[in-house]
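> next input, structure requested:
(5 chains, ligands or ions: 5)
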Amino acid sequence: MMIQVKDLYKSFGDLQVLKDINVEVKEQEVVCVIGPSGSGKSTFLRCLNLLEEVTSGEVWIEDENIADPSVNINQLRTKVGMVFQHFNLFPHKTVLENVTIGPIKVKGEAKEKADIEAVSLLEKVGLADKANDYPRSLSGGQKQRVAIARALAMNPRVMLFDEPTSALDPELVGDVLAVMKDLAKEGMTMVVVTHEMGFAREVGDRVIFMDEGYMIEEGDPEQIFNDPQHSRTQAFLSKIL
Amino acid sequence: MMIQVKDLYKSFGDLQVLKDINVEVKEQEVVCVIGPSGSGKSTFLRCLNLLEEVTSGEVWIEDENIADPSVNINQLRTKVGMVFQHFNLFPHKTVLENVTIGPIKVKGEAKEKADIEAVSLLEKVGLADKANDYPRSLSGGQKQRVAIARALAMNPRVMLFDEPTSALDPELVGDVLAVMKDLAKEGMTMVVVTHEMGFAREVGDRVIFMDEGYMIEEGDPEQIFNDPQHSRTQAFLSKIL
Amino acid sequence: ACGDADEAEETPDENGEVEEETTEDEEATDEEETLVVATDTNYVPFEFMNEETGEMEGFDIDLIDELSDRVGFDYELEVVEFDGIVAGMGSGRYDIGIAGMTITEDRAEEFDFSIPYYDAGLILAVHEDNEDIQSIDDIDDLTVATRSGTTSEDFLHENTEANVQVYPQILEAYMDVEAGRADAAFYDVPNVRYHADTEGEELKTVGDIEQGEVYGIAFEQDSEWVEPVNEALEEMFEDGTYGDFYEEWFGDRVEEPEGESPLD
Amino acid sequence: MHDLIEHLMELTTSPHWGGVLPYLIEGIQITLYITFIGVFFGLILGIVTGLARLSKSKIIYGLATCYIEVIRGTPILVQVLFIYFALADFFGITFDHLTAGIIAIAINAGAYVAEIVRGGVASIDKGQMEAGRSIGLSSFQTMRYIIWPQALKRMIPPLGNQFIISLKDTSLFAVISTGEAVFMGRQYVATTGVYFEPYFMMGLVYLSITIPCMIILRAYERKLDV
Amino acid sequence: MHDLIEHLMELTTSPHWGGVLPYLIEGIQITLYITFIGVFFGLILGIVTGLARLSKSKIIYGLATCYIEVIRGTPILVQVLFIYFALADFFGITFDHLTAGIIAIAINAGAYVAEIVRGGVASIDKGQMEAGRSIGLSSFQTMRYIIWPQALKRMIPPLGNQFIISLKDTSLFAVISTGEAVFMGRQYVATTGVYFEPYFMMGLVYLSITIPCMIILRAYERKLDV
Ligand SMILES: Nc1ncnc2c1ncn2[C@@H]1O[C@H](COP(=O)(O)OP(=O)(O)OP(=O)(O)O)[C@@H](O)[C@H]1O
Ligand SMILES: Nc1ncnc2c1ncn2[C@@H]1O[C@H](COP(=O)(O)OP(=O)(O)OP(=O)(O)O)[C@@H](O)[C@H]1O
Ligand SMILES: NC(=O)CC[C@H](N)C(=O)O
Ligand SMILES: [Mg+2]
Ligand SMILES: [Mg+2]
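Ligands and ions are numbered 1, 2, ... in the order given. The predicted structure follows:
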């Protein structure tokens, strides 16, 4: 089991944002998370790499319970890559430096080695020619692909995506999804918060529907989209499809 | 003819943003404008109510050439309502005040009369109960519906919409589109920049495809979407559909 | 001069009474004019603030009060840093300035002076432990503190090679000496003596009086008040009033200053 | 060490805390008087100049800019010396200390207020102007009803801050013998020869005004943020 | 009117423009010296305090906050009088004028720099910290390599502005006889009895430094914006 979440609760002050979450993600599995705004999708992802402290419950990544305070957070994070809705590239670093800073500073790799690996990752996302540009000169879709390369540079075991295409102009969405599909095909374990139903259908092994902090329903994409069991899922899907 | 655009050119400094645009919009017609980012869709709309000065060419709204410097801009603008991607509600005014400020300040209507009309418009967009709330307490979809009511309060002859749903969470898009459909059904003349193909298909009388400042192609929605003539239209549609 | 000795007791505020009498006396001035009299913030014992009452006191204050009665004007005191008085007299901001002000030719070009009313001079003060400085000849290249806009400042610049530091307040100059930031202070004799004797325990005077000076009351240029004030001063020298004030503030008794005005 | 503590203990019984206080209280009233009146005129001047900087007329813009740059580029001490001494000497324009102080604060604050006004208006999203225009409001009306009320709200914290700055700036009118707090405190110092307590107390008196102002401003800002 | 023009014409041939200039040039060097050294130490102090205000320790945060509030809440004139006179009188801690001036600028600028640092760091999007942490950088590393370089860039305009403010603040060290520009100009005034030209010239000398600084800063800001 790659990820195992047991009885996860998360509150901000008085506000319970995640309630009784139990999820398992197997190796190489692609899990899509859907749900209305504010339902806790992002918070759930952020708990998986400890960007948020867990209030109670257990979060196992491979053989480590990361909710345990004694865990080495920085070490853990290299195992879990994260891609954000707003890219969060480092604007003062070139595309190449964005990708190599992790390997160099965290893993202590030599710059030369890191550069070579980074270039091959950039090739993979189709942006080798932009290596020396600054993020500001890239389009949104290109930025997001760099962000993916940056996460991959740490050789993560799992990749988390938080609405990776929702800040993009429609005609730029395709390139990013294509890169994600490739990743999935290569066997990367992925948890993807997305409203791209096409992607979920085509690539997702499983879809989880969240609402108001609860995991309401999960199942295979066809079943969830065509035959949602829960009335809230039905209501939500009727709005967005 | 409600709108007649002849040989419209628009430049920002050296940058030609609109080139040789010729469009006619008949009364009660709903025209959708699509095209990649930066193609000049917004600029085109903004030329229709003089938020941008026209560089050359003619723009007739009913029987007035608004590109003529002698035209009374404020008067003209009451004939053309505009709805923006980011709503642009007035945050320091209540929902009701947002809707009534135009009639009161521009048309000199009495507050009582304006209030009554505003409430009936808010009912139409389903937000009568929010009349005394401030915009900050509304969801994006609600904000956009208020913005529509605000534009309608001036009794415009034409409504312009600039990507009215693209800043909305997916589950909130439906309500706004529903209001727009109602408007169209009532016979409002509308020009809508949108990527919502479902809306364009269902409501649009005509679709215009723009790219790099040119009107590349126009036609009825089914024809444009299913059988685009121009290669650029094909390329664009293949990406977003 | 219209005031008489009886009214010397009157405070300037109670001018109703005085007013009546002047109207009887003279038609030209039916009301006593209120003159703006600038005085120094702190120049012991000529003018300084009584910390309990907040009122200004001192030799100059007694003098101007008496003069106002004798000459017949009303006045309003403005308490100003010394350099501000010199500047203000020059630009006509004040009618009268009384601040232990030395009569100099330079100043006399900008405004008028009364006859001399006090014999002063400048002297050096050093820390009581200082044996190195015995006279003005020893201060070249040393740091000497004094007060801005005063004749001491001019003297130091013109006659010595000292590194001159000036402060708005003379106490701050003395403090520099006591704190070891300055080697000496240089200033008017009566003030230096006063501080060396009383509170400035760590100060002592050295050397001779460097420059004989006389103090005069300053008037706006071509002021109508110079003559009557001079006359009243002469009267006070004669009738002992000046001597009484002098004794009160300086201990010994002097009936009349002897110094010559440099303007004569 | 022991000496030091004993020395410090003396402070507790020093008569000078109480002694200087009446002086400072008298002075701070003048400080506040100058500040309020000065800032009031500074506000008017600043709003006019700030709007002038949004003007399309090159001349108006240029004049406003000159004024702002000259004032912001020179110390207020130089400004007040110029107003008080140079104008009197050269043109015979003599203001008394209070007036000179008020003029200096007004002119000085005016330049900073102008920048606050310009910045406040510029900080309002362009979409607001477009939305106002699009429903037919004239550009003056949009300014008046839409932009200005929003800008004003954002201008309050920097304006409050400017008030605090001006309050502190009045301290240097001591050089022209305006009887504000520092001058009054120095009077006491000059009479008593005691420095520590009066200057310490002077700081406290200022803090007793500025700290509450800062707290209120910060609370307001926090409210604005949400 | 005619008189006025004649009077003004006299200015063109006045010997005092040239007369005061050497004084001012000597003074402005000291002004710059104090400002540079003072602001340099102020920067260090401010960075330390600014980061201290981001600290989680209540004590460190409290101390830093106290320092900042006290300094920002009192006039720098009071601060310098305290440093120069009160400390000497009460504790026998005597600094010479230059040192006292530098200390006053450093302590004063430090408090404002601290706020600039805090604000600069806070202005960096939270997503940057998250992105840094998510690739495994420690929070110190993220600060060092990701947040700080970006914050620094944004801090440059307000820091430059603080430099200008500190430059102007040195003017009031005239009261402790520091031979900076205002003091030197006043020396000339005291000897000549002429006020207009020296004070006018004084303004120009300051402008000759501050205006270029402001222009450079504005150009830099414009570059930042795009
Ligand atoms: N740092 C925080 N402090 C307090 N409340 C928070 C914080 N982060 C999120 N929340 C709240 O937690 C709830 C869930 O937020 P979350 O961002 O996880 O939702 P989401 O499903 O990702 O929504 P969206 O689709 O809009 O991104 C929301 O009510 C949000 O306001
Ligand atoms: N005020 C302006 N000044 C200069 N250039 C502008 C301005 N407004 C728009 N442009 C440029 O004009 C071109 C067309 O912009 P426009 O906003 O009309 O495109 P669009 O089709 O609406 O794009 P999007 O889908 O991103 O909204 C772009 O290259 C844009 O950078
Ligand atoms: N009040 C004073 O400080 C007097 C100083 C000195 N007698 C002068 O006239 O310059
Ligand atoms: Mg989210
Ligand atoms: Mg657009």
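> ok, the longest helix along chain A near ligand 2 or not?
Criterion DSSP state H: the longest helix present in chain A is helix A:170-185. No - Helix A:170-185 is not in contact with ligand 2 by C-beta under 6 Å from any ligand atom; minimum separation 9.0 Å. Backbone N, C-alpha and C define where each C-beta goes, glycine included.
> tell me the buried residues in that helix?
Neighbour counts over helix A:170-185 (16 or more other C-beta atoms under 10 Å in any protein chain shown) mark A:170-177, A:179-180, A:183-184 as buried.
> make a markdown table from those residues and add distance to chain D to it.
Below are these laid out as a markdown table (distance: C-beta to the nearest C-beta, whole Å):
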| residue | distance to chain D |
| --- | --- |
| A:Pro170 | 22 |
| A:Glu171 | 24 |
| A:Leu172 | 23 |
| A:Val173 | 25 |
| A:Gly174 | 30 |
| A:Asp175 | 30 |
| A:Val176 | 28 |
| A:Leu177 | 31 |
| A:Val179 | 34 |
| A:Met180 | 33 |
| A:Leu183 | 38 |
| A:Ala184 | 40 |
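> now these as a markdown table including distance to C:Ser114 and pLDDT?
Putting those into a markdown table (distance: C-beta to C-beta, whole Å; pLDDT from 0 to 100) gives the following:
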| residue | distance to C:Ser114 | pLDDT |
| --- | --- | --- |
| A:Pro170 | 93 | 85 |
| A:Glu171 | 94 | 86 |
| A:Leu172 | 91 | 89 |
| A:Val173 | 94 | 91 |
| A:Gly174 | 98 | 91 |
| A:Asp175 | 95 | 92 |
| A:Val176 | 93 | 95 |
| A:Leu177 | 98 | 95 |
| A:Val179 | 97 | 95 |
| A:Met180 | 98 | 96 |
| A:Leu183 | 100 | 96 |
| A:Ala184 | 103 | 95 |
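> which residue packs closest to C:Gly88, ignoring adjacent ones?
C:Tyr94 (4.9 Å; C-beta to C-beta, 6 or more residues apart in numbering or on different chains).
> so the one you found: helix, strand or coil?
Secondary structure for C:Tyr94, judged by DSSP: H, G, I helix; E, B strand; the rest coil, is coil.
> chain center to the helix or strand bottoming out on mean pLDDT in chain A: distance?
Scoring the helices and strands of chain A by mean pLDDT, DSSP states H and E places helix A:73-79 at the bottom, with a mean of 84. A distance of 15 Å separates the centroid of the chain from that of helix A:73-79, by C-alpha atoms, centre = their mean, to the nearest Å.
> buried set for that helix?
Neighbour-count burial for helix A:73-79 flags A:76-79 (criterion: 16+ other C-beta under 10 Å).
> so is D:Val113 in a helix, a strand, or just coil?
helix.
> quick one: D:Gly27 and D:Met184 touch, right?
Yes - counting by C-beta atoms under 8 Å, D:Gly27 touches D:Met184, with 3.2 Å between them.
> what's the spacing between D:Gln141 and E:Gly185?
Computed as C-beta to C-beta, to the nearest Å, the D:Gln141 to E:Gly185 distance reads 50 Å.
> now do stretch D:188-199, average pLDDT.
Stretch D:188-199 shows a mean pLDDT of 93.
> could you tell me the end-to-end distance of it?
End-to-end span of stretch D:188-199 (C-alpha to C-alpha, to the nearest Å): 10 Å.
> how about the secondary structure of the one residue sitting closest to the centre of chain D?
The residue lying closest to the centre of chain D (C-alpha atoms, centre = their mean) is D:Ser166, at 1.7 Å. Recorded secondary structure, D:Ser166: helix (three-state DSSP).
> for it, give me its contacts.
For D:Ser166, the contact set (C-beta atoms under 8 Å, 6 or more residues apart in numbering or on different chains) comprises D:35, D:38-39, D:42, D:105, D:108-109.
> just D:Ile156 next, same as before
With the criterion set at C-beta under 8 Å, 6+ apart, D:Ile156 makes contact with D:217, D:220.
> relative to A:Arg136, how far out is the residue nearest to C:Lys204 when sequence neighbours are not counted?
Among residues not flanking C:Lys204 along the chain, C:Glu128 sits closest, at 4.7 Å (C-beta to C-beta, 6+ apart). Using C-beta to C-beta, one obtains 71 Å as the distance from C:Glu128 to A:Arg136.
> between the two, who's got more neighbours?
In this view C:Glu128 and A:Arg136 are compared by other C-beta atoms under 10 Å in any protein chain shown, and C:Glu128 has more residues nearby, 14 against 10.
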